[in-house]
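Asks: Return a 3D structure for these sequence lines:
(2 chains)
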Amino acid sequence: MSELFLVAHVAGRGVAIAASQVESVVDIGEIVAVPRAEAFVRGLAALRSRVVTVIDTGTALGLAPTPDDVRRAVITIFEGHHYAILVDSVEDVAPSERLPLSSGMALHRGWASAGIGIVERDGEPLLILDLAAIISDTALAA
Amino acid sequence: MDDLLQEFIAETRETLEAIAGEIVAWEAEPADSARLDAIFRFVHTVKGSCGFLDLPRLARLSHAAEDVLAAVRDGKRTPDTALVNAVLGIVDRIAAIVEAIDAGASLDDADEDLLIAALAPDAQPRAQIQVAPQNRAASRSVRLNVDLLDHMMSGMSEMVLARNELARRLRDSDVDPQVEAALERLSLTVADMRDTVTRTRMQKVDALFSALPRMVRDTSAELAKSIDLVIEGADVELDREMIELMRDPLGHIIRNAIDHGIETPTERRAAGKPLTGRLIVSARQSGNQILIEIADDGKGIDVARIVAKAAEKRLYGVAELAAMSEAAKLDLIFAPGLSSRDTVTAISGRGVGMDVVRANIEQIGGRIVLTNDPGRGLRIVIHVPLTLSILSTIIVGVGAQRFALPRQAIEEIVMVRGNQVRIETIGDAATVTVRGKRMPLVSLGELLDLNGDSPPTLVIVSTREGDYALGVDTVLDTEELVVKPASPAVMATGVYAGKTLPDNGLPMLLLDAAGIAAVAGLRFTPVIAAAAVVEEVVPGVPALLFDDLDGQRRAIALAVIDRVEPVPTEAIRWSGGALRLSIGETIIPLHAVAELGARTEVAVLRLTDGESEMAYAIAEAIEIVALPTDMAPARGTGPIAGVVMIAGEQIELVDPHALFAGQPVTLGSLPVCLLQVDGSGWMETFLKPALEASGYRCVTALAAGETAAVALAMEDSPVRETLAPVVTLRRTPTAERDDDPSIYRYDRPALIAALAARRAM
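Replies: Numbers count the residues shown, from 1 in each chain, chains lettered A, B, ... in the order given. Here you go, the predicted model:
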């Protein structure tokens, strides 16, 4: 059974995000910092009349922080709150088959908890990123 | 009051429409208990509302229906067709009366006794009473779905942002002044619209509280209890929907507090408490919640009784109950069908209250917390989410960033450069002394890692625990903001209460004053405990402090005051040797220490000793104080009992006993003095006023059935036959014989004493 995936680049790597988790893809405006919050919280941004929490995806995955000039974000709703997950770029939305993670594959750091499967795209495997895991894991760590 | 009535009508109408289906279903199947509950809740709500709207007819009908339904719920009666018809007859009549009230029409109540009688178990089935269709009055209000308001609200925010965007773009380019003027007008309209739209959803919690004084007064009067209601924080704004949903639960809780919580004056005296119970209803914002607190100083919840009741009603097994924690036992009051009161009253006590209360509050995402202090009172705190609450805030700037602070948390704003403010470091703790008051200092810039410089402006913030000074760079503005909860990752910091989107389109964080104190490690000694101790050292009788007519400040025991009211001075006359105040058809004695002067109106204390009444004219009532136990007795006589110290001032305490003793009491209870007149008229003209001033009613002939307490006769006129003891008066100052019991007619003290002595025989 195939479902729709958004293909994006995070921390220099191609990932797939289930379209069901994506509300929209936007370029966010000015970000207001949230002092004392965990490093993965980049700040707050206005999205029309809504205020979204901007997540520094690089830091959240335990990698290098997402550069400051990155403005493109995937908007997702988790437990009633809106989050903007910063991504380097967005390529495409395509139907794909969800495959389990290959056995013996060693994912590390944030990839290990956020990676929940694989999709094949033009013969190239992409890790499926669970946005909820990025938010909830890091929120728990906070 | 009209607003409340309108709301009651709209609400009842709506509920009636909603339960119409239930009614039909119940009619088809009387044994269905789920239907029964819906109808039961309806009549219960109507009964509750009637209580304070003063609608006795509706109250009587709903109370009767509720009784029967309660009996059905308890299994004491089986619902048959006759019973269902009778109840539905009442529901129909409630609907008809509500429509009649709305239309301002009258409705014949002749057959209401029949309707109520039909509820009796042995009532004969009878024909349905036909209610003539009433014309509905044109409705002046529209009920809107809150979703629609939500939608309007978010559309409004979009509009504001679009306006801002447009303004920014216009600023960057050269534009025609006419375009600018048009934009200006647009901005004004948008701002105005925004206020209006915001107002459609927001209401001051006052809208919820304004009905309380009346309700408390009526309920306490009905139960012969004396209650002092204190309302705090009525300015907090709350989502309209929440206000609506809070109305019933709050009413229930308050009626419960008065009915079950606060004791009768006798019980309170026995428990060593002030006779007047205290009921404090307050609203405040805490973090991202609004807290509504109802605290009474009554007897609290008797947990053991609740447990016994739960066992009796078989809500839980005995072993299960025994294993429960204290908190779980207390929670039993929320169990359906449990009432701690043994007798059913019109006020509460049918066990429908608390389970419905909790359900209603949980429905709006709130919770309810009980703090029970057996013998000393109960505190109920209702937490409701702040979502969509509008908050009056002050915007502060630190470094390059802005934050909002709830205005209600702010005591004052001071500049450091003034010589009233001194910043000191004690150990490693920064403190600030503002006009002699020392408090901890928290630099917001330092706390948030934004700016390490010494802050030039201090915002004195008050929290439940204590006050502290929050150092900021600037205070920018005040703004009304719609605050929403922030995401958990933001709330985890502990210093924010929510997020908001002001007009400039940049998100802003709302600071949590109490959270900042906690994060900064401030420790306050609990103020509440200290206040309680202070309260305990002033037992004392409550007294009213007032300014008397002569300018002196005096006090009088509160218990003798029936009420304080202004009266026109023309109702006060110097007549019959005393000042008297006419109130309607009656005349009561008035005590005034000085001339009334040129006033046209004067405040009087209406005093009563339970039987007779008098008035005491004052200049102005000041406040209610507790009398200290020590009093310096007054010298000489007069209506001053002594001098007490109140707030460092010598205050004369009025002696109500002397006041009442010095005044003739009301007519009916006066002893009758029969004057055996001799035709000279001396007795009527000379003696009568003197005797009446001493508290006798003088008659020259007894009316039928009247008996005289004492009779007076002149020595030279024959004593007529009378049952009353007779005092004889002589015309000469000295008696002719030593054993002459007669009294010289102008020896007033001897005369009065003789009358009193003979009366006692």
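Asks: Only C-alpha atoms from now on, for both contacts and neighbour counts.
Replies: Fine.
Asks: mind checking pLDDT for the nearest residue in space to B:Gly366 that is not next to it in sequence?
Replies: Distance criterion Cα to Cα, 6 or more residues apart in numbering or on different chains; nearest residue to B:Gly366, sequence neighbours excluded, is B:Val384 at 4.2 Å. With respect to pLDDT, B:Val384 has a value of 81.
Asks: Now do the phi/psi pair for B:Val384.
Replies: phi -130, psi 150 (degrees, to the nearest 10).
Asks: residues near it, how many?
Replies: 22 (other Cα atoms under 10 Å in any protein chain shown).
Asks: looking at the sheet around it, what are its partners?
Replies: The partner list for B:Val384 in beta bridges (DSSP bridges) reads B:Ile290.
Asks: Now do the contacts for the closest residue to B:Gly317 other than its chain neighbours.
Replies: Spatial nearest neighbour of B:Gly317, chain neighbours left out: B:Ala311 (6.5 Å); criterion: Cα to Cα, 6+ apart. Shown in contact with B:Ala311 (Cα atoms under 8 Å, 6 or more residues apart in numbering or on different chains): B:317-318, B:321.
Asks: How about A:Val15?
Replies: For A:Val15, the contact set (Cα under 8 Å, 6+ apart) comprises A:7-9, A:126-129.
Asks: Among those, name the ones in strands.
Replies: Judged by DSSP state E, these include A:7-9, A:126-129 as members of strands.
Asks: Go ahead and confirm the residue nearest to B:Gly366 touches B:Ser286.
Replies: No: the pair B:Val384 / B:Ser286 is not scored as a contact, 10.1 Å apart, by Cα atoms under 8 Å.
Asks: Please, where are all the helices along the stretch 251-400 of chain B?
Replies: B:265-270, B:303-312, B:318-322, B:326-331, B:353-363 (DSSP state H, counting those that start in this stretch).
Asks: which of those helices sits most buried?
Replies: Each of the helices of the stretch 251-400 of chain B was assessed for mean neighbour count using mean count of other Cα atoms under 10 Å in any protein chain shown. The highest is helix B:353-363, with a mean of 19.
Asks: residue contacts, the residue nearest to B:Ile382 when sequence neighbours are not counted?
Replies: Spatially, and ignoring its direct neighbours in sequence, B:Ile382 is nearest to B:Ile368 (4.5 Å; Cα to Cα, 6+ apart). Residues in contact with B:Ile368 (Cα under 8 Å, 6+ apart) are B:358, B:361, B:380-383.
Asks: Greatest separation within those residues: which pair is it?
Replies: With Cα to Cα as the measure, no two of the contacts of B:Ile368 lie farther apart than B:Ile361 and B:Ile380, at 12.5 Å.
Asks: out of the helices of the stretch 251-400 of chain B, nearest to B:Gly21?
Replies: helix B:353-363 (20.9 Å).
Asks: how much distance is there from that closest one to the middle of the chain?
Replies: 22 Å (Cα atoms, centre = their mean, to the nearest Å).
Asks: Show me what it packs onto, helices and strands only.
Replies: With contacts defined as 3 or more Cα pairs under 8 Å, 6 or more residues apart in numbering or on different chains; DSSP states H and E, helix B:353-363 has these neighbours: helix B:240-256, strand B:367-373.
Asks: could you give the mean pLDDT of the shortest one?
Replies: Think strand B:367-373. Here strand B:367-373 scores 84 as its mean pLDDT.
Asks: Buried residues, that strand. List them.
Replies: B:367-368, B:370, B:372 (16 or more other Cα atoms under 10 Å in any protein chain shown).
Asks: Next, the angle helix B:303-312 makes with it.
Replies: In terms of direction (axes from the mean of the first three to the mean of the last three Cα atoms, to 10 degrees), strand B:367-373 departs from helix B:303-312 by 120 degrees.
Asks: Kindly report the same for the longest one.
Replies: An angle of 100 degrees separates the directions of helix B:240-256 and helix B:303-312 when computed by the same axes, to 10 degrees.
Asks: Go through helix B:240-256 and flag the buried ones.
Replies: In helix B:240-256, counting by 16+ other Cα under 10 Å, buried: B:240, B:242-243, B:245-256.
Asks: isn't A:Trp111 right next to A:Leu61, touching?
Replies: Yes: shown here, A:Trp111 and A:Leu61 form a contact pair, counting by Cα under 8 Å, at 6.2 Å.
Asks: how far away is B:Asp609 from B:Ser220?
Replies: Between B:Asp609 and B:Ser220 the distance, using Cα to Cα, to the nearest Å, works out to 21 Å.
Asks: Have a look at the two and say which one is more surrounded.
Replies: Neighbours were counted for B:Asp609 and for B:Ser220 using other Cα under 10 Å; B:Ser220 has more, 21 against 14.
Asks: what residues are up against that one?
Replies: Residues near B:Ser220 by Cα under 8 Å, 6+ apart: B:226-227, B:258-259.
Asks: which of those residues tops the neighbour count?
Replies: B:Ile258 (26 neighbours).
Asks: check contacts around that residue.
Replies: Contacts for B:Ile258 (Cα under 8 Å, 6+ apart) come out as B:216, B:219-220.
Asks: try B:Pro440
Replies: Taking Cα under 8 Å, 6+ apart, one finds B:429-432, B:467-469, B:522 in contact with B:Pro440.
Asks: residues from chain A in reach of chain B?
Replies: A:30, A:32, A:34-38, A:41, A:44-46, A:48-51, A:53, A:81-82, A:139, A:142 (Cα under 8 Å from any Cα of the partner chain).
Asks: Chain A contacts on chain B?
Replies: For chain B, the residues in contact with chain A (Cα under 8 Å from any Cα) are B:154, B:157-158, B:161, B:401, B:448-450, B:486-490, B:492-493, B:499-501, B:505-509.
Asks: of the residues you listed, buried ones?
Replies: Of the residues of chain B next to chain A, these count as buried by 16+ other Cα under 10 Å: B:157-158, B:161, B:401, B:448, B:486-490, B:492-493, B:499-501, B:505-509.
Asks: Which members of the residues you listed are positioned in strands?
Replies: Counting by DSSP E, these contribute B:401, B:499-500, B:508-509 to strands.
Asks: Can you classify residue 17 as helix, strand or coil?
Replies: Using chain A. strand (DSSP: H, G, I helix; E, B strand; the rest coil).
Asks: Any figure for the gap between it and chain B?
Replies: 22 Å (Cα to the nearest Cα, to the nearest Å).
Asks: Can you name the residue of the stretch 301-450 of chain B nearest chain A?
Replies: Taking Cα to the nearest Cα, chain A has its nearest neighbour within the stretch 301-450 of chain B at B:Leu448, 5.2 Å off.
Asks: can you confirm A:Glu91 is in a strand?
Replies: Yes: going by three-state DSSP, the assignment for A:Glu91 places it inside a strand.
Asks: what's the spacing between it and A:Leu126?
Replies: From A:Glu91 to A:Leu126 the distance is 13 Å (Cα to Cα).
Asks: and what of B:Ala469?
Replies: Taken as Cα to Cα, the span from B:Ala469 to A:Leu126 is 54 Å.
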